[in-house]
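Q: pasting the structure only:
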């Protein structure tokens, strides 16, 4: 979706402000939100793509004015309601009122903690041979799905070169919408800065994205 | 079922609305039997103690001192780091990109906040915020200036936008004046930002 989360190339957000000796969490609740997201994901309530989609669909003014973990919290709450794990009445009351919905991997207890500390695996067997090889020129499609996609707006319509092939991975566009993993070949595609940003762009700049095969046409 | 909330009602005026909502959600998830609060504590503790830039720094220092390891690391980051034993369970799809006198690499996630947690810990606020995400792909030299970093005018700058489940770690150039240093000593020079590409390793002898 063409949301405000797709920020590459936008102007007006000001300077980057690194915080010296930044703590891991600025408020205790942030750590609880992180832990709840990790736990409910590991218990099978949602996949990582779905959780990203729920953050992206926050209203633009909310997305832009909320801190990072606030966005995580708002996305988590809405996602759990829509997936039937809790109700708005329960959120309002602050207590459970309805029977629980079964979790795919069961209750998240201490025995599961080790598991969330290892990254998930996203590679899958290839359903078909790769369409592109390293060095191929490809054009990022001019597509504007209103659902989840990982093709950023700033490359759409532009020509780049395939630099790496990462194998077949879960396709976020369908996984996020719970329409299955539909594994797709994943490539690093590199673009010239001036192709993306015009003649005033930095001539020394190259930008790459990792692009799933359905995002690309031969060029 | 709900005693702990009622016990602390007197605190509520001092708690932010967000804090109250987060507590309420955890109460519901606990009451419904989805999560065990002690397991959430354990997740937080694991993040606070097990991951962090020290993992990435060890990998970089090893690459600086062991050419065979460096070659393997650049060919397949996950596999090479896997041979180091319990540095960190890095998972699949880690790509290590090397800075050279001709090319500087910088990593961003314009769409959200993708970051190599296992190597660098949880990302800092600036990495997840709009100014960095919006500008890194268009004006990386301007972004670097915000960090007080200047690159030679002709140096190629390559920005890696982490749009999938691949993760990128920058292998910075080894600082001059460190000949003969041990891996442990070198690792102390490797900053988090040097592995994102928004900084350089510390200079030997400079106050840290």
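A: Thanks, I have it. All values derive from a computational prediction rather than experimental measurement.

Q: Every contact and neighbour count from this point should use C-alpha atoms.
A: OK.

Q: domains for chain A, by residue range?
A: A:28-116, A:137-218 (automatic domain parsing).

Q: can you give me the helices in chain B?
A: Counting by DSSP state H, one finds helices in chain B at the ranges B:3-7, B:17-31, B:37-50, B:53-65, B:67-75, B:77-82, B:117-120, B:125-128, B:130-135, B:140-146, B:183-187, B:192-196.

Q: mind listing what's buried in stretch B:163-181?
A: Neighbour-count burial for stretch B:163-181, with 16 or more other CA atoms under 10 Å in any protein chain shown as criterion, is recorded at B:163-175.

Q: Put together a markdown table for these, with pLDDT and distance to residue A:7 on each row.
A: Below are these laid out as a markdown table (pLDDT from 0 to 100; distance: CA to CA, whole Å):
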| residue | pLDDT | distance to residue A:7 |
| --- | --- | --- |
| B:163 | 98 | 12 |
| B:164 | 97 | 16 |
| B:165 | 96 | 18 |
| B:166 | 96 | 19 |
| B:167 | 96 | 19 |
| B:168 | 97 | 19 |
| B:169 | 97 | 22 |
| B:170 | 98 | 22 |
| B:171 | 98 | 26 |
| B:172 | 98 | 27 |
| B:173 | 98 | 30 |
| B:174 | 97 | 33 |
| B:175 | 97 | 34 |
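
Q: among those, which are within reach of chain A?
A: B:163-166 (CA under 8 Å from any CA of the partner chain).

Q: which one of these sits closest to residue A:46?
A: residue B:165 (16.3 Å; CA to CA).

Q: For the closest one, which residues are in contact?
A: A:122, B:93, B:114 (CA atoms under 8 Å, 6 or more residues apart in numbering or on different chains).

Q: and the spatially most central residue of chain B, what is it in contact with?
A: For chain B, the residue nearest the mean C-alpha position is residue B:120 (2.9 Å; CA atoms, centre = their mean). Applying CA under 8 Å, 6+ apart to residue B:120 gives the contacts B:51-56, B:192.

Q: Try it again at 7 Å.
A: By CA atoms under 7 Å, 6 or more residues apart in numbering or on different chains, residue B:120 lies in contact with B:51-53, B:55-56, B:192.

Q: Can you tell me the element the one residue sitting closest to the centre of chain A falls in?
A: With distances taken as CA atoms, centre = their mean, the residue of chain A nearest its centroid is residue A:52 (4.4 Å). Per DSSP states H and E, residue A:52 falls inside helix A:48-56.

Q: what number of residues lie near residue A:45?
A: When neighbours are defined as other CA atoms under 10 Å in any protein chain shown, residue A:45 has 23 of them.

Q: And the one 3 residues further on, by the same measure?
A: Each residue near residue A:48 was counted by other CA under 10 Å, and the total is 16.

Q: Would you reformat the helices of chain B as a markdown table and include mean pLDDT?
A: As requested, the helices of chain B are exported to a markdown table (pLDDT from 0 to 100):
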| stretch | mean pLDDT |
| --- | --- |
| helix B:3-7 | 46 |
| helix B:17-31 | 97 |
| helix B:37-50 | 94 |
| helix B:53-65 | 96 |
| helix B:67-75 | 97 |
| helix B:77-82 | 92 |
| helix B:117-120 | 92 |
| helix B:125-128 | 98 |
| helix B:130-135 | 98 |
| helix B:140-146 | 98 |
| helix B:183-187 | 97 |
| helix B:192-196 | 98 |
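
Q: what's the weakest-modelled helix or strand in chain A?
A: When the helices and strands of chain A are scored by mean pLDDT, DSSP states H and E, helix A:113-116 comes last with a mean of 89.

Q: Need the residues that contact the helix or strand that that helix is followed by.
A: Of the helices and strands lying after helix A:113-116 in sequence (DSSP H and E), the nearest is strand A:137-140. Outside strand A:137-140, the residues within contact range by CA under 7 Å, 6+ apart are A:155-162, A:215-219.

Q: on that earlier part again, give me whichever of the domains of chain A is most buried.
A: Among the domains of chain A, domain A:137-218 has the highest mean neighbour count (mean count of other CA atoms under 10 Å in any protein chain shown), at a mean of 20.

Q: re earlier: elements contacting the helix holding residue A:52?
A: helix A:68-82 (3 or more CA pairs under 7 Å, 6 or more residues apart in numbering or on different chains; DSSP states H and E).

Q: Can you name every helix or strand that the helix it packs on contacts?
A: Using 3+ CA pairs under 7 Å, 6+ apart, helix A:68-82 is in contact with helix A:28-42, helix A:48-56.

Q: Now tabulate those in JSON lines and tack on mean pLDDT.
A: Formatted as JSON lines, those follow (pLDDT from 0 to 100):
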{"stretch": "helix A:28-42", "mean pLDDT": "97"}
{"stretch": "helix A:48-56", "mean pLDDT": "98"}
